[in-house]
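A.B. asks: Generate a structure from the sequence data that follows.
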Amino acid sequence: MEHPQPLVYYIMQVELILIAAGVSALIATVTSQWRKSKALEQAVKSMLKHNIVKAHQCSKESGCTTLYMRDSVHDMATEYYALKGNSFVKELVDEIDSLPQCTSRPIKKDCCDE
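C.D. replies: Prediction:
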């Protein structure tokens with residue numbers, strides 16, 4: 001005749017099952033949050049790139065750039081590079097840096113407002 005397992009054995013099994021379920025739920029939550037974080041990171045990188053491209057187009061159309069725009073583009077580029085952005089933006093920043101600073105003629109307002 002088989003002896004029944006002690007109650008402690010069953011309690012330990014239940015505890016292990018609950019711990020495994022908790023760990024599984026924690027892993028699912030962390031994975032979901034990581035995916036959301038990566039999606040937000042990609043969205044921010046895309047917006048930074050778009051704004052840098054727009055500033056480049058605006059500056060090229062005007063033939064000059066303001067100190068504010070140049071500083072703003074450098075700030076955006078720094079964050080873009082931190083998000084592992086590509087070198088395409090570096091070329092645009094270099095082109096903006098090569099333009100003269102606007103003195104008498106302001107940048108066309110309509111090209112920067114979109």
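
A.B. asks: For the rest of this, base every contact and every neighbour count on C-alpha atoms.
C.D. replies: Fine.

A.B. asks: And Pro6, how far from His50?
C.D. replies: 67 Å (CA to CA, to the nearest Å).

A.B. asks: Among these two, which residue is more densely surrounded?
C.D. replies: The neighbour count for Pro6 versus His50, taken as other CA atoms under 10 Å, is higher for His50 (13 against 8).

A.B. asks: Relative to the whole chain's centre, how far out is the helix or strand hosting the more buried one?
C.D. replies: Secondary structure assignment for His50, by DSSP states H and E: helix 7-62. Averaged C-alpha coordinates place helix 7-62 at 12 Å from its chain's average position (CA atoms, centre = their mean, to the nearest Å).

A.B. asks: Same question for stretch 51-66.
C.D. replies: Mean-position distance between stretch 51-66 and its chain equals 23 Å (CA atoms, centre = their mean).

A.B. asks: where does this structure have low pLDDT?
C.D. replies: In the predicted model, the chain carries pLDDT under 70 at residues 1-4, 104-114.

A.B. asks: any idea which residue sits dead centre in it?
C.D. replies: The chain has Glu41 as the residue nearest its centroid, 2.3 Å off, counting by CA atoms, centre = their mean.
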